[in-house]
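Peer 1: Here is my input; please provide its structure:
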Amino acid sequence: MSQSSAIVQRLWNYCTVLRDDGLSYGDYVEQLTYLLFLKMDDERRKIGQPSTIPDDYSWASLVHLDGPDLETHYREILQQLGAGSGLIPTIFRKAQNRVQDPAKLKRLVTLIDGENWHSLNVDVKADIYEGLLEKNAQDVKSGAGQYFTPRPLIQAMVDVMQPQPGDTICDPACGTGGFLLAAYEYVAQHNQLDRDQWRRLRAEALHGWEIVDNTARLCVMNLYLHGIGHENGRSPIHVDDALANKPATTYDMVLTNPPFGKKSSVTYITEEGEVKREAQTIVRDDFWTSTSNKQLNFVQHVHKLLRQQGKAAVVVPDNVLFEGGAGETVRRKLLQESDLHTILRLPTGIFYAQGVKANVLFFERKPGRERPWTDTIWFYDYRTNVHHTLKQNPLSRADLDEFVACFNPANWHERAATWSEEKPDGRWRPYAYEEIIARDKVNLDIFWLRDESLEDTENLPDPDVIAAEIVEELEAALAQFRLIATDLGAS
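Peer 2: Numbers count the residues shown, from 1 in each chain. Below is the predicted model:
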């Protein structure tokens with residue numbers, strides 16, 4: 001077992017003790033985040049590095065306390081460090097102590113104090129935290145899976161997008177920071193950076209938005225452990241609704257997986273004290289159309305986030321490809337005002353959130369002109385006859401090697417199809433703009449491969465795979481019924 005895996009396991013084992021007190025996996029990782037930050041700040045102090053955390057709220061002020069004194073002072077630290085703006089307040093924003101038993105809080109403090117975090121290199125510390133986030137995502141009840149995009153998918157997307165030194169990179173729905181971290185690591189590993197380029201990459205290049213406070217703090221801590229952001233400086237993550245306003249800044253690259261769930265909604269309390277949810281139509285004068293469909297709004301928002309010639313890779317559910325009304329408007333405008341050159345069709349069974357049928361849109365924003373910028377869309381079908389499950393057959397980066405090779409990131413204007421009349425099982429083929437625009441509602445939900453499970457009963461997947469797929473289909477149907485029920489309640 002690696003050093004990072006051993007520490008993850010040791011920290012995680014203690015979570016089972018705290019769960020007996022009703023503490024969730026998410027609550028546990030949250031408390032670890034606060035205490036880890038204080039402990040690492042203390043270790044930096046001891047080697048002479050400056051700290052912006054007042055002595056009265058430092059690790060040294062906490063570590064020797066126990067009983068009610070420990071609990072009281074811990075609550076005070078969380079409250080005081082969450083005030084103001086910057087990286088530290090983003091981590092401690094609205095922080096609360098979830099560990100009700102002072103003895104167990106003391107045990108957690110002792111557990112973290114027992115490690116010398118400063119002696120661990122950046123990769124080990126980052127691996128430890130990523131390991132905790134992934135364990136949290138695996139807990140179905142926590143709901144954290146919706147903030148955790150499969151890392152092999154992120155890596156493949158970044159490998160074809162190839163961010164460069166000097167690029168500004170944005171994720172308007174950043175979750176725990178997977179895309180921003182992968183972009184950072186790609187630039188760092190593929191280039192010889194000078195001192196100024198390193199400073200810019202760590203302090204200025206990366207920008208994210210996250211609407212959920214708890215998730216934002218996990219993201220900031222995750223970036224911080226990778227060496228991104230400075231405790232004395234701005235937070236790379238904005239805690240806000242990315243869709244609420246038109247962008248004040250444009251970026252060279254956008255990489256994102258917007259939240260699942262079709263409708264944007266607002267929650268309010270009636271005069272009778274009843275909690276209601278109401279579908280919310282986003283109205284912005286820079287959008288092509290107004291809709292309550294969250295994914296369609298994110299596609300429009302991503303387009304507006306890009307500078308001219310800026311590049312985007314966006315994970316979207318199937319409804320973005322075929323839905324009429326606002327969906328058709330968005331697709332027509334996207335084909336007109338950008339070069340939508342690639343669509344990757346993803347298999348089910350790769351997301352922690354169940355029942356997701358998703359795709360990745362790759363496009364470049366272009367300046368205005370009368371003739372549409374999209375000439376050809378290349379499709380890679382990695383869904384038909386592909387069977388993944390989270391445990392028995394999880395997605396790996398190698399599974400997407402053929403897609404990356406077909407994409408030809410060095411020059412995506414030069415591509416060769418793997419499909420032809422003679423090779424009907426090829427997963428990679430182009431469709432001309434004229435073919436696309438002639439389809440009903442400009443439908444991009446295109447497939448051509450023969451589904452073997454419908455024709456060849458001898459080659460059916462293993463029973464566990466079939467069972468997992470049935471669960472995913474039922475989960476997807478249930479999610480749709482929930483949306484319908486919400487809309488009926490609102491009306």
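Peer 1: so who does the nearest residue to residue 399 once chain neighbours are set aside touch?
Peer 2: Nearest residue to residue 399, sequence neighbours excluded (CB to CB, 6 or more residues apart in numbering): residue 152, at 6.9 Å. For glycine as for every other residue, the C-beta is placed from the backbone atoms N, C-alpha and C. By CB atoms under 8 Å, 6 or more residues apart in numbering, the contact list for residue 152 reads 395-397, 399-400.
Peer 1: On the three-state scheme, residue 152 is what?
Peer 2: Under DSSP: H, G, I helix; E, B strand; the rest coil, the three-state class of residue 152 is helix.
Peer 1: Which strand in this protein has the most residues?
Peer 2: strand 306-317 (DSSP state E).
Peer 1: what does it rub up against?
Peer 2: By CB under 8 Å, 6+ apart, the residues outside strand 306-317 that reach it are 149, 153, 157, 160-161, 250-258, 260, 262, 295, 298-299, 302-303, 305, 346, 356-367.
Peer 1: what does stretch 186-202 give?
Peer 2: In contact with stretch 186-202 (CB under 8 Å, 6+ apart) are residues 158-159, 162-167, 184, 205, 227-230.
Peer 1: Which helix or which strand is home to the nearest residue to residue 338 once chain neighbours are set aside?
Peer 2: In this structure, residue 338 finds its nearest non-sequential neighbour in residue 363, 4.4 Å apart by CB to CB, 6+ apart. Secondary structure from DSSP states H and E places residue 363 in strand 358-365.
Peer 1: Give me the packing partners of that strand, helices and strands only.
Peer 2: Other helices and strands packing on strand 358-365, by 3 or more CB pairs under 8 Å, 6 or more residues apart in numbering; DSSP states H and E, are helix 151-161, helix 294-305, strand 306-317, helix 319-322, helix 326-337, strand 338-345.
Peer 1: The ones you listed into CSV, with extra columns for mean pLDDT?
Peer 2: Output for the helices and strands packed on strand 358-365, formatted as CSV (pLDDT from 0 to 100):
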stretch, mean pLDDT
helix 151-161, 96
helix 294-305, 96
strand 306-317, 97
helix 319-322, 95
helix 326-337, 97
strand 338-345, 98
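Peer 1: Turn those into a markdown table, including distance to residue 43.
Peer 2: Converted to a markdown table, the helices and strands packed on strand 358-365 look like this (distance: least, CB to CB, whole Å):
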| stretch | distance to residue 43 |
| --- | --- |
| helix 151-161 | 28 |
| helix 294-305 | 38 |
| strand 306-317 | 37 |
| helix 319-322 | 46 |
| helix 326-337 | 49 |
| strand 338-345 | 43 |
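Peer 1: With residue 125 as the reference, name the closest of these.
Peer 2: helix 151-161 (17.1 Å; CB to CB).
Peer 1: Can you name the element that comes right after that closest one?
Peer 2: Defined by DSSP H and E, the subsequent element after helix 151-161 is strand 169-171.
Peer 1: Give me the residues contacting that next one.
Peer 2: Outside strand 169-171, the residues within contact range by CB under 8 Å, 6+ apart are 163, 177, 179-180, 183, 205-209, 251-256, 305.
Peer 1: Give me the angle between the helix or strand following it and strand 306-317.
Peer 2: Sequence-wise, the next helix or strand downstream of strand 169-171 (DSSP H and E) is helix 178-190. Angle of helix 178-190 versus strand 306-317, following axes from the mean of the first three to the mean of the last three CA atoms, to 10 degrees, is 120 degrees.
Peer 1: Now do the buried residues in helix 178-190.
Peer 2: 178-188 (16 or more other CB atoms under 10 Å).
Peer 1: Run the angle between that helix and helix 151-161 for me.
Peer 2: Angle of helix 178-190 versus helix 151-161, following the same axes, to 10 degrees, is 50 degrees.
Peer 1: burial measure for the residue lying closest to residue 452 once chain neighbours are set aside, as a count.
Peer 2: Leaving aside its sequence neighbours, residue 452 sits nearest to residue 385 (CB to CB, 6+ apart; 5.1 Å). The tally of other residues near residue 385 (other CB atoms under 10 Å) stands at 16.
Peer 1: how near is residue 385 to residue 315?
Peer 2: To residue 315, residue 385 is 21 Å away according to CB to CB, to the nearest Å.
Peer 1: can you check residue 104 too?
Peer 2: 39 Å.
Peer 1: Compare those two and say which is more crowded by neighbours.
Peer 2: residue 315 (27 against 16).
Peer 1: what separates the more buried one from residue 438, distance-wise?
Peer 2: Distance from residue 315 to residue 438, by CB to CB: 27 Å.
Peer 1: And residue 72, by the same measure?
Peer 2: 70 Å.
Peer 1: that older thread, who are the neighbours in contact with the residue nearest to residue 452?
Peer 2: Taking CB under 8 Å, 6+ apart as the test, what residue 385 contacts is 449, 451-453.
Peer 1: Of the contacts of stretch 186-202, just the buried ones, ChimeraX syntax please.
Peer 2: To isolate the buried members of the contacts of stretch 186-202 in ChimeraX, using 16+ other CB under 10 Å:
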select :158,159,163,165,167,184,205,227,228,229
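Peer 1: Quick check: beta-bridge partners of the residue nearest to residue 338?
Peer 2: residue 312, residue 340 (DSSP bridges).
Peer 1: and it, what does it touch?
Peer 2: Contacts of residue 363 (CB under 8 Å, 6+ apart): 303, 311-312, 334, 338-341, 374.
Peer 1: And residue 446, by the same measure?
Peer 2: 379, 431.
Peer 1: I'd like to know how far it sits from residue 244.
Peer 2: Residue 446 is 34 Å from residue 244, by CB to CB.
Peer 1: What count of nearby residues applies to residue 201?
Peer 2: 23.
Peer 1: for the residue nearest to residue 52 when sequence neighbours are not counted, what are its contacts?
Peer 2: Spatial nearest neighbour of residue 52, excluding adjacent residues (CB to CB, 6+ apart): residue 232 at 5.4 Å. The contact partners of residue 232, by CB under 8 Å, 6+ apart, come to 50, 52, 86-87.
Peer 1: Residue 89 is in contact with residue 79, isn't it?
Peer 2: No: counting by CB atoms under 8 Å, residue 89 sits too far from residue 79 to count as a contact (11.2 Å).
Peer 1: okay, and the helix or strand of this structure with the least pLDDT?
Peer 2: Across the helices and strands of the chain, mean pLDDT, DSSP states H and E gives its lowest value to strand 265-269, namely a mean of 44.
Peer 1: in this structure, which spans are strands?
Peer 2: Going by DSSP E, the chain shows strands at 169-171, 206-210, 237-239, 251-256, 265-269, 275-279, 306-317, 338-345, 358-365, 376-381, 428-432.
Peer 1: Let me see the mean pLDDT of the third one.
Peer 2: Yep, that's strand 237-239 we're talking about. Strand 237-239 comes out with an average pLDDT of 93.
Peer 1: buried stuff in that strand?
Peer 2: 237-239.
Peer 1: which residues are contacting it?
Peer 2: Around strand 237-239, the neighbours that count as contacts under CB under 8 Å, 6+ apart are 90, 93, 174, 177, 207-211, 213, 216, 219-220, 223.
Peer 1: and it, how far from the chain's centre?
Peer 2: 14 Å (CA atoms, centre = their mean, to the nearest Å).
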